[in-house]
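K.L.:
curious how this folds, go ahead:
(one chain, ligands or ions: 1)
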Amino acid sequence: MKKKILIIGSLNVDMVIEMKNMPVVGETVLGTKLTYIPGGKGANQACAAAKLGGDVVMLGCVGEDEFGDIQKSNLSACGVDTRYFKRSKKKGTGTASIYVDECGNNSIVVVAGANQECDITYLQEYDDVMKACDYVILQMEIPYDAISYAVKRAKELGKVVILNPAPAPDELPDGILEQLDYITPNETELMKLCKRDGETIEDFTEGAKVLLQKGVKNVLVTLGERGALLVSEEGAEIFPTRKVVSVDTTAAGDCFNGAFTVALAEDKGPREAVIFANAASSIAVTRNGAQTSIPDREEADEVLTSTGV
Ligand code: RIB
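P.N.:
A predicted model of the protein is given here:
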């Protein structure tokens, strides 16, 4: 039987505005295109895990509005079990305003909306959903006390727990790190969490060791075009990724997290899982948007077979 992946996290509708150059503070620029795309770090990771072959259920909250309907039907179409979603009567579905420049760089502002109701009471209501899964992935776009609760409960139940600390807080909630099997920051998030500066692989390795000392078992750092870095008690290893022309990096990290967990759930070791995740996310950056950029399993396997990375 397939191992089950539970994703607990945010659902947003992304308002994506394309432009030549990002505005600086106080500047007005002309955009070239506006699109509405299903997003949210939790939803993107659920979409990726399901499209890449995982058995995926998601807990999250949307509003009783059209944006909420879109998220639910899009994720269901990707194969995510959305039966336990909460529909908030008070708050609208979360939104993200995303600026994308002509180099594919992005800036994102999230307004949480209904994601704030993905709280402890709601998670307790669906304890059986957590009991029935093997892997739990979380990000940081829902209330922090709900994240702490879910991490602790998942560990009590013996699950493998993965935290993608995005957006990175100044401080992680107390007592979380020592319960995590994997933490998966990007390089900026890593340096913020370990309170260091630096841009080299050595800097990131040292930063990851700070988190290891605080009790997390594995630190998996996504490095964009430099690939990914896995640091554990066993040592540090860099996994290069294939060179592509990036058009939009939105959700590339989400795709990586979803793919990594799917591979673990297929009993692949962490090294093999990172290689698979690199292959999948290298496709995502060549496409626009969040969930619209996520490849399916056939595409990811094809990249892996043809390039080996
Ligand atoms: O990681 C990308 C996501 O961050 C976007 O889809 C946006 O909704 C924000 O949550």
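K.L.:
which residues sit in contact with the closest residue to the ligand within the stretch 1-150 of the chain?
P.N.:
As assessed by CB to the nearest ligand atom, the ligand sits closest to residue 39 within the stretch 1-150 of the chain, at 2.5 Å. Every residue, glycine included, has its C-beta placed from N, CA and C. Residue 39 makes contacts with 12, 13, 14, 96, 98, 250, 251, 289, 290, 291, as judged by CB atoms under 8 Å, 6 or more residues apart in numbering.
K.L.:
using PDB, list the CA coordinates for the helix or strand bottoming out on mean pLDDT in the chain.
P.N.:
Least confident helix or strand, the chain: strand 106-111 with a mean of 93, by mean pLDDT, DSSP states H and E. Taking Å, rounded to 0.1, in the frame of the first residue of the first chain, the C-alpha atoms of strand 106-111 are listed here in PDB:
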ATOM      1  CA  ASN A 106       9.600  37.500  -7.800                       C
ATOM      2  CA  SER A 107       8.400  39.500  -4.800                       C
ATOM      3  CA  ILE A 108       5.400  38.200  -2.900                       C
ATOM      4  CA  VAL A 109       3.000  39.800  -0.400                       C
ATOM      5  CA  VAL A 110       0.500  37.400   1.300                       C
ATOM      6  CA  VAL A 111      -2.700  38.400   3.000                       C
END
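K.L.:
which parts of the very next helix or strand once past it are buried?
P.N.:
Next along the chain after strand 106-111, taking DSSP states H and E as the criterion, comes helix 120-125. Under the neighbour-count criterion of 16 or more other CB atoms under 10 Å, helix 120-125 has 122, 123 buried.
K.L.:
for the helix or strand following helix 120-125, packing partners?
P.N.:
Reading on from helix 120-125 to the C-terminus, the next helix or strand found by DSSP H and E is helix 127-131. Packing partners of helix 127-131 (3 or more CB pairs under 8 Å, 6 or more residues apart in numbering; DSSP states H and E): helix 144-156.
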